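A.B. asks: quick one, fold the following:
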Amino acid sequence: MFGRKAAEIAALKTEIAILQERLCPFGQHDWSIVDSEYSLYAEGCGRTIFTCRCKRCGKTETQYEED
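C.D. replies: Numbers count the residues shown, from 1 in each chain. Next up is the predicted model:
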């Protein structure tokens, strides 16, 4: 029973990816920054983490920027 649900979830995720590709072909997303977070991981070194969302298809992606 559990394996069947996992397979169904995987199939739905694949279908979502196909639909997002139809809305934004060849990765031509119109990204907008939804959230940003800054964190220090060493003395004088930090990282900004941006959460972006496409305005057309709704796909979310996390991008990192090192200082």
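A.B. asks: so where do the helices sit in the protein?
C.D. replies: With DSSP state H, the ranges of helices along the chain come out as 2-23.
A.B. asks: where does it dip in pLDDT?
C.D. replies: 1 (pLDDT under 70).
A.B. asks: do that again at 90, thanks
C.D. replies: 1-3, 17-30, 38-47, 56-60, 64-67 (pLDDT under 90).
A.B. asks: gap between the two ends of stretch 17-33?
C.D. replies: One end of stretch 17-33 sits 20 Å from the other (C-alpha to C-alpha, to the nearest Å).
A.B. asks: quick one: it to chain centroid distance?
C.D. replies: 11 Å (C-alpha atoms, centre = their mean, to the nearest Å).
A.B. asks: and that stretch, what's buried?
C.D. replies: Across stretch 17-33, burial judged by 16 or more other C-beta atoms under 10 Å covers 20, 24, 29. Where you see a C-beta, it was placed from the backbone N, CA and C, and this is true even at glycine.
A.B. asks: my guess is the first one contacts Lys59. True?
C.D. replies: Yes. In this structure, Gln20 is within contact of Lys59 by C-beta atoms under 8 Å, at 5.0 Å.
A.B. asks: so how far is Ser32 from the spatially most central residue of the chain?
C.D. replies: In the chain, the C-alpha closest to the average C-alpha coordinate belongs to Glu61, at a distance of 2.1 Å (C-alpha atoms, centre = their mean). In this view, Glu61 and Ser32 are 11 Å apart by C-beta to C-beta, to the nearest Å.
A.B. asks: joint contacts of these two?
C.D. replies: Residues touching both Glu61 and Ser32 (C-beta atoms under 8 Å, 6 or more residues apart in numbering) are 52-53.
A.B. asks: in stretch 52-61, what counts as buried?
C.D. replies: Using 16+ other C-beta under 10 Å as the test for burial, stretch 52-61 gives 52-54, 57, 59.
A.B. asks: give me the contact list for it.
C.D. replies: 19-20, 23-24, 29-34, 51, 62-63.
A.B. asks: redo that, cut-off 7 Å
C.D. replies: 20, 23-24, 29-34, 51, 63 (C-beta atoms under 7 Å, 6 or more residues apart in numbering).
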